[in-house]
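In: Please work out how this folds:
(2 chains)
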Number of protein chains: 2
Amino acid sequence: MYKYGLSVKFKSTEDNRQKLSSVLLKASELVSRAKGCQLYLVSLDEDEPDTVWTTEIWDSREDHENSLSVIGVKELISQASCLFAAPPEKVKEIKILGGYGINP
Amino acid sequence: MYKYGLSVKFKSTEDNRQKLSSVLLKASELVSRAKGCQLYLVSLDEDEPDTVWTTEIWDSREDHENSLSVIGVKELISQASCLFAAPPEKVKEIKILGGYGINP
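Out: Numbers count the residues shown, from 1 in each chain, chains lettered A, B, ... in the order given. Take a look at the predicted model:
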């Protein structure tokens, strides 16, 4: 089965990008223990102020969906949501054929 | 220092997506041995026919640039180029703050 990849764009309220990044980095610690999580990175794009990106790879889309039930994740989303200038946007979903850097 | 992340879009000539994917999967084997390569994935987006994506993470942008000098990579690019319907496009470059799934 193909691995599932996902990029999500988070737009923060003005000057809150750093706070939002910190919350998402905490989220990465939690979801790293979730079933099927292979990658959960928190990144910035220099061309986009007040924006944070996550890059996620999961063994399956279902594993991604189930990650919301990891203990503490809902609380973190709630913390993050007051920093959102817009709802998080799934910008890209991909089917991973293979390559280097994740477990087969 | 921040890790460097990169998404590249490859548009294949009609019906050559699978061939192009195979070449890029071979490229992933070569660059996996390059200095600083942490991730090199080859993926499809179901919404985009005749398109293949790579998702790359490198310890630095310089490591990415140097990967072109890995033995065999130029030959593979040459093989791939006759399958391109358009020049490969760097769609996204990111600075990775942290997270799960790569080496610090």
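In: Can you pull the phi/psi pair for A:Lys35?
Out: Main-chain torsions, A:Lys35, degrees, to the nearest 10: phi -60, psi 130.
In: For the helix or strand hosting A:Gly5, which strands pair with it and how are they oriented?
Out: According to DSSP states H and E, A:Gly5 maps onto strand A:3-11. Using DSSP bridges, the strands paired with strand A:3-11 in its sheet are strand A:51-58 (antiparallel), strand A:89-100 (antiparallel).
In: Please convert these to CSV, extending it with mean neighbour count and distance to B:Ile71.
Out: C-beta here means a position set from N, CA and C on the backbone, and glycine is covered the same way. As requested, the strands paired with strand A:3-11 are exported to CSV (neighbours: other CB atoms under 10 Å in any protein chain shown; distance: least, CB to CB, whole Å):
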stretch, mean neighbour count, distance to B:Ile71
strand A:51-58, 23, 28
strand A:89-100, 17, 16
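In: which helices and strands sit right next to the helix or strand of chain A with the lowest mean pLDDT?
Out: Of the helices and strands making up chain A, the lowest-confidence element is helix A:73-81, at a mean of 89, by mean pLDDT, DSSP states H and E. Other elements packing on helix A:73-81 under the criterion 3 or more CB pairs under 8 Å, 6 or more residues apart in numbering or on different chains; DSSP states H and E are helix A:17-31.
In: which parts of the helix it packs on are buried?
Out: Buried residues in helix A:17-31, counting neighbours by 16 or more other CB atoms under 10 Å in any protein chain shown, are found at A:17, A:19-28, A:30-31.
In: Of those, which is the nearest to chain B?
Out: A:Ser28 (4.0 Å; CB to the nearest CB).
In: which residues does the closest one contact?
Out: A:40-42, A:54, B:98-100 (CB atoms under 8 Å, 6 or more residues apart in numbering or on different chains).
In: May I see those residues arranged in JSON lines, with pLDDT and distance to B:Val91 as well?
Out: Formatted as JSON lines, the contacts of A:Ser28 follow (pLDDT from 0 to 100; distance: CB to CB, whole Å):
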{"residue": "A:Tyr40", "pLDDT": "97", "distance to B:Val91": "20"}
{"residue": "A:Leu41", "pLDDT": "98", "distance to B:Val91": "16"}
{"residue": "A:Val42", "pLDDT": "98", "distance to B:Val91": "19"}
{"residue": "A:Thr54", "pLDDT": "97", "distance to B:Val91": "16"}
{"residue": "B:Gly98", "pLDDT": "97", "distance to B:Val91": "22"}
{"residue": "B:Gly99", "pLDDT": "97", "distance to B:Val91": "20"}
{"residue": "B:Tyr100", "pLDDT": "97", "distance to B:Val91": "23"}
